[in-house]
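Novice: sequence below, structure please.
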Amino acid sequence: MEKKVEITLESILRILDYSSDEIYVLDGERQIVYVNRNCEKHYGLKQDEILGKYNNDLYEKGYWKPSIVPEVFERKEPVHLKQQTYIGAELLTSAIPILNDEQEIEFVVITSTELNSFKRLIEKKNTEEEIAHQDEPHSKFITNSRKVGNIIDFCNKVAPTDSTILIQGESGTGKGVLAYYLHQISNRKDGPFLTVNCAAIPEDLLESELFGYSGGAFTGANKTGKSGLLEAANNGTIFLDEIGELALSLQAKVLQVIQDKRFIPIGSSESKTVDIRIIAATNQNLLEMVENKSFREDLFYRLNVIDIHMPPLRERKEDIIPLTYSFLNKFNEKYNTNKVVSPGCLDALYYYSWPGNIRQLENLIERLVIIGGSVIQIDDLPQVILEQVKEIPQLVHPNSLDDALENAARMLVRRSYRNNPSSRGVAKDLDISQSRASRLIREHCQDIVQEK
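Specialist: Got it, this is the predicted structure:
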């Protein structure tokens, strides 16, 4: 006699989380009633951050384009199209409507396959010659962080002006990416964008690179002279990275360019005029440098017309998952692989402090794609990360019933608090006392509370 196998709802949901495709279910009101774990890979959002929201809420924030939902609700029949996510994945998406007895839509089941992975598998199977891919420069900021979202909104206001901008923040936080983003949304987007790393070029060489020189200005100089980067950036933007490393002798000349848009090349007696916007960046405290007389006060205030502070990655943990998958897509394509990240490894990345910020995360993902197996596991991580996250083993290795229950409680409380941002609302939603709801919010939702 064959044994009858019973599958519980919990088992079914676990099985769906192991699907290689994203599964995304809407009800007849277009509210999201189910997503599997692959939504993290495509949008950088956890399940509890999506459930209960309406489809249009996420679409309007630009997580994907175009939307398949209006067409399936209009036609009430299966629809297929190609979508692009904001972290760079191409999806082949199908939407299947489920109709009730009145022929009205009760649910829509949406499945998405990553097209880049599919193409790589086909190319590998057919041993076709790989076509080199050229990375496009960043013109969109990948973020789920409210802090960074506010910065982007601020950038959209100041980008059309010609005001000088100073971007401050720790090394590796994306100051250069933000500078290029500002250029791309400005009126100068069709002009050049040139980057000068003030710390990487020796002082004597930096002056000639910036301002250019006339013929025979110094030993070894080109007989016909040379134009500088300031002149080359005319009608565009010049980004002075690590401006705190600029020598005092050059600071005066840069100040003149900011004030008058004029400068004199080395060895010349004639000034040149340029139409440029200057964006500067530093990981140093320029105000302290002003007090220590190592940075000119007048230049500081000229640079600091518009001040933007980029928060470190440890203060914007919501960005760790989308950035991880963005870099994973990038390096999977670069090395013609199809690696995925295990849930335990993602948890470890989420709770690590990232002293090197986004640059450290990008370099790590490239390393993992090169050395990891088809599924990148927590054991593939460097020892420095493992040493730090081993203090929270219940989050990285939930290998007991208590750990699993704790994780489930955390997900439910966080989801409830996002939809009902008060202890009273969470208590009512989860059918618990308000005092217990307050305690759970303190334990599991501090980052969300700080955002609000």
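Novice: residue 201 touches residue 195, doesn't it?
Specialist: No. Counting by CB atoms under 8 Å, residue 201 does not reach residue 195; the two are 11.4 Å apart. (C-beta placed from N, C-alpha, C; glycine too.)
Novice: so where do the helices sit in the stretch 201-350 of the chain?
Specialist: For the stretch 201-350 of the chain, helices defined by DSSP state H, counting those that start in this stretch occupy the ranges 203-211, 229-232, 248-260, 286-291, 297-303, 320-334, 343-351.
Novice: so what's residue 446 up against?
Specialist: For residue 446, the contact set (CB atoms under 8 Å, 6 or more residues apart in numbering) is empty.
Novice: pull out the buried residues from stretch 288-295.
Specialist: Neighbour counts using 16 or more other CB atoms under 10 Å place 289-290, 295 of stretch 288-295 among the buried residues.
Novice: again with stretch 427-440
Specialist: Residues 427, 429-430, 432, 437, 440 are the ones in stretch 427-440 that count as buried (16+ other CB under 10 Å).
Novice: let's see which of those end up in helices.
Specialist: Taking DSSP state H, the ones among the buried residues of stretch 427-440 that sit in helices are 427, 429-430, 437, 440.
Novice: got a markdown table for these, with pLDDT and distance to residue 361 too?
Specialist: Compiled in a markdown table, those are given as follows (pLDDT from 0 to 100; distance: CB to CB, whole Å):
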| residue | pLDDT | distance to residue 361 |
| --- | --- | --- |
| 427 | 91 | 37 |
| 429 | 87 | 34 |
| 430 | 89 | 34 |
| 437 | 89 | 34 |
| 440 | 88 | 30 |
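Novice: tell me the one of those nearest residue 8?
Specialist: residue 430 (21.6 Å; CB to CB).
Novice: distance of the closest one from residue 62?
Specialist: Residue 430 sits 31 Å away from residue 62, taking CB to CB, to the nearest Å as the criterion.
Novice: same check, this time on residue 298
Specialist: Distance of residue 298 to residue 62, given as CB to CB: 41 Å.
Novice: who has more neighbours, these two?
Specialist: Using other CB atoms under 10 Å as the criterion, residue 298 and residue 62 rank with residue 298 on top: 13 against 10.
Novice: wait, that one sits on residue 255?
Specialist: Yes. Assessed by CB under 8 Å, residue 298 is found in contact with residue 255 at 6.1 Å.
Novice: which residues do these two both contact?
Specialist: Counting by CB under 8 Å, 6+ apart, residue 298 and residue 255 have no common neighbour.
Novice: gap between the nearest residue to residue 353 once chain neighbours are set aside and residue 386?
Specialist: Leaving aside its chain neighbours, residue 353 sits nearest to residue 314 (5.0 Å; criterion: CB to CB, 6 or more residues apart in numbering). Distance, residue 314 to residue 386, by CB to CB: 17 Å.
Novice: how long is stretch 160-180 end to end?
Specialist: 14 Å (CA to CA, to the nearest Å).
Novice: residues of it that come out buried?
Specialist: Buried-residue list, stretch 160-180, by 16+ other CB under 10 Å: 164-180.
Novice: mind checking which of these are in helices?
Specialist: Of the buried residues of stretch 160-180, the ones assigned to helices by DSSP H are 175-180.
Novice: can you add distance to residue 88 and pLDDT and give these back as JSON lines?
Specialist: Formatted as JSON lines, those follow (distance: CB to CB, whole Å; pLDDT from 0 to 100):
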{"residue": "175", "distance to residue 88": "21", "pLDDT": "95"}
{"residue": "176", "distance to residue 88": "18", "pLDDT": "93"}
{"residue": "177", "distance to residue 88": "14", "pLDDT": "93"}
{"residue": "178", "distance to residue 88": "18", "pLDDT": "95"}
{"residue": "179", "distance to residue 88": "20", "pLDDT": "95"}
{"residue": "180", "distance to residue 88": "16", "pLDDT": "94"}
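Novice: which one of these is nearest to residue 14?
Specialist: residue 177 (37.7 Å).
Novice: the closest one touches residue 141, doesn't it?
Specialist: Yes. In this structure, residue 177 is within contact of residue 141 by CB under 8 Å, at 7.0 Å.
Novice: element containing residue 111?
Specialist: In this assignment (DSSP states H and E), residue 111 forms part of strand 105-114.
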